[in-house]
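Enquirer: I'll drop the sequence and a predicted model, then ask my questions.
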Number of protein chains: 2
Amino acid sequence: METIPRTQYHHGDLRAHLVETVRILVEEKGADGFSISEAARRAGVSSAAPYKHFSDRGQIVRAVALAGIDRMRDQMDAAAKAATGDPLAPIMALGLCYANFARTEQGVFRLMFGLTKGHEEDPEMQAHGEACFDVVKREVRAFMGDGPPDQEIERRSYMLHMFVHGHAFLEIDGKHDLDLDAGQEAMLMADIARRIMQD
Amino acid sequence: METIPRTQYHHGDLRAHLVETVRILVEEKGADGFSISEAARRAGVSSAAPYKHFSDRGQIVRAVALAGIDRMRDQMDAAAKAATGDPLAPIMALGLCYANFARTEQGVFRLMFGLTKGHEEDPEMQAHGEACFDVVKREVRAFMGDGPPDQEIERRSYMLHMFVHGHAFLEIDGKHDLDLDAGQEAMLMADIARRIMQD
DNA sequence: GACTCGAAGTGAGTGGCGCTTACTTGCTGT
DNA sequence: ACAGCAAGTAAGCGCCACTCACTTCGAGTC
């Protein structure tokens, strides 16, 4: 990240640079402790420059969140495909992946959800989220076979999502005292996955 | 709520008044769209007045969150005690209560969690949260009897919490498309409760 | 290769915010 | 009656999001 003042007048790709800078700031200062001004400062441009690329602060944050969703989707996809052995392994892997993402990209994770300021019905946001959830549904379908109707796949997938989402947030918010090591967390995930997927 | 300018110089109980005003603002404008200045304006005092009662904005927000936790605890306690019939009824009732609180006090609910700015290790906050969780543990113990060790009670209670917490947030964030009516939500809760509490 | 036109920058300015400071008010205890 | 202190005020500071009038410079045209 370039804190050094630019030599050229035009930046090159300020838009992408800003998104990345804000991502870092969000992790450093928390999901609501950063400012666009500071991001501009770090990028070595004036505080007015960001508004040539985004209509307002919300749109920058939105771009950071969207990129986060995509990143998480990629990680989930990879984790599910890499998991073998137990037929429940891919589903467990998805859960662990979700929790790990929340821990390692806490700030962005918070933005991805709870970004319900003016984005209540943002179709692009929803589409990217959907793509993420599709990975879950795909693995649930793979586990359950072709028997059950889509509605049942959806139901189970949502149950899994509820659990892991709650866990992720309780974890990063420090709202539980049972501090699990990686092994214990994996066992918890396995237990949950079994309970949700059985019968 | 008094928007009318006061007649007396001294307010009477500005502290409590502010907490209530901020609570309302949080619901109106969202968990991060309100300002202390506006709360002061609504209370009919100068923007400096709040700082005679709170060291900073964070402490006001904290007070609002604390009051919220207590309110939720009371509702959960009442809901659990009122539930009869099925032995799982109290546990289901707790879940529905949690989800309903999140819906009706969305702003405060968001504050109660995700208030991890400087409050990471706030013992009072944790204590109030604990008191809330105790209600869950009490009902789980009631369901399971004296057999299982405390650790198992804790485990099951946390599973319930994960699930309902995830549901509450996905719900208020509008992150799922299966829009459940009250009956369907109750059935979902029942299904989950059964899966978690069985064997 | 000069010219122009628009995208991408600048710097100064606005209003609102959180918070502080120095001062005032008026209730409460003696 | 009065002192002292808790609880208010107005004014001001620095930071923020965002705007506006202006400048720079690179890409496309002749």
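Expert: Ah, there it is. Numbering: from 1, shown residues only, chains lettered A, B, ... in the order given.

Enquirer: And the strand or helix carrying residue A:109, what does it pack against?
Expert: Element membership for residue A:109 (DSSP states H and E) is helix A:106-112. For helix A:106-112, the packing partners by 3 or more Cβ pairs under 8 Å, 6 or more residues apart in numbering or on different chains; DSSP states H and E come out as helix A:14-29, helix A:57-82, helix A:150-172. C-betas here are computed from N, CA, C, even on glycine.

Enquirer: hmm, try it at 7 Å
Expert: Packing contacts for helix A:106-112, counted by 3 or more Cβ pairs under 7 Å, 6 or more residues apart in numbering or on different chains; DSSP states H and E, involve helix A:14-29, helix A:57-82.

Enquirer: Now do the same contact list for the residue of chain A found nearest chain B.
Expert: Per Cβ to the nearest Cβ, residue A:166 is where chain A lies closest to chain B, at 3.0 Å. By Cβ atoms under 7 Å, 6 or more residues apart in numbering or on different chains, the residues touching residue A:166 are B:161-166.

Enquirer: pLDDT score assigned to the closest residue to it other than its chain neighbours?
Expert: Distances taken as Cβ to Cβ, 6 or more residues apart in numbering or on different chains place residue B:166 nearest to residue A:166, at 3.0 Å, with adjacent residues excluded. Residue B:166 is assigned a pLDDT of 98 by the prediction.

Enquirer: and residue B:166, how far is that from residue A:194?
Expert: Computed as Cβ to Cβ, to the nearest Å, the residue B:166 to residue A:194 distance reads 18 Å.

Enquirer: With residue A:187 instead?
Expert: As judged by Cβ to Cβ, residue A:187 and residue A:194 stand 11 Å apart.

Enquirer: Over to residue A:113?
Expert: Distance of residue A:113 to residue A:194, given as Cβ to Cβ: 26 Å.

Enquirer: for chain A, what are the low-confidence residue spans?
Expert: Applying pLDDT under 70 to chain A flags residues A:1-11, A:116-120.

Enquirer: circling back to that earlier point, what lies in contact with the helix holding residue A:109?
Expert: Contacts of helix A:106-112 (Cβ under 7 Å, 6+ apart): A:23, A:26-27, A:30-31, A:61, A:64-65, A:68-69, A:101-102, A:172, B:114.

Enquirer: cool, stretch A:167-186 as well?
Expert: Residues outside stretch A:167-186 that contact it (Cβ under 7 Å, 6+ apart) are A:92, A:96, A:98-99, A:102-103, A:106, A:188, B:113-114, B:116, B:120, B:129, B:154, B:158, B:161-162, B:165, B:169.

Enquirer: ok, back up a step: pull the most distant pair out of the contacts of residue A:166.
Expert: B:161 and B:166 (9.3 Å; Cβ to Cβ).

Enquirer: Let's have the helices and strands packed on helix A:106-112 in JSON lines, adding mean neighbour count and distance to DNA strand C.
Expert: As requested, those are exported to JSON lines (neighbours: other Cβ atoms under 10 Å in any protein chain shown; distance: least, Cβ to the nearest atom of the strand, whole Å):
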{"stretch": "helix A:14-29", "mean neighbour count": "19", "distance to DNA strand C": "4"}
{"stretch": "helix A:57-82", "mean neighbour count": "18", "distance to DNA strand C": "12"}
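
Enquirer: Looking at the ones you listed, which is nearest to residue B:125?
Expert: Nearest to residue B:125 among those is helix A:14-29; the distance by Cβ to Cβ comes to 21.0 Å.

Enquirer: Run through who's touching that closest one.
Expert: For helix A:14-29, the surrounding residues in contact (Cβ under 7 Å, 6+ apart) are A:1, A:11, A:34, A:38-39, A:42-43, A:45, A:49-50, A:53, A:60, A:63-64, A:67, A:105-108, A:111.

Enquirer: hmm, 8 Å instead?
Expert: A:1-2, A:11, A:34, A:36, A:38-40, A:42-43, A:45, A:49-50, A:52-54, A:60-61, A:63-64, A:67-68, A:105-108, A:111 (Cβ atoms under 8 Å, 6 or more residues apart in numbering or on different chains).

Enquirer: now those: which count as buried?
Expert: Buried residues within the contacts of helix A:14-29, counting neighbours by 16 or more other Cβ atoms under 10 Å in any protein chain shown: A:11, A:34, A:36, A:38-40, A:42-43, A:45, A:49-50, A:53-54, A:60-61, A:63-64, A:67-68, A:105-108, A:111.

Enquirer: out of these, which touch DNA strand D?
Expert: Restricting these to those near DNA strand D by Cβ under 7 Å from any atom of the strand leaves A:36, A:38.

Enquirer: Can you name the residues that contact residue A:188?
Expert: So residue A:188 contacts A:167, A:180, B:155, B:159 (Cβ under 8 Å, 6+ apart).

Enquirer: Cheers, nothing more for now.
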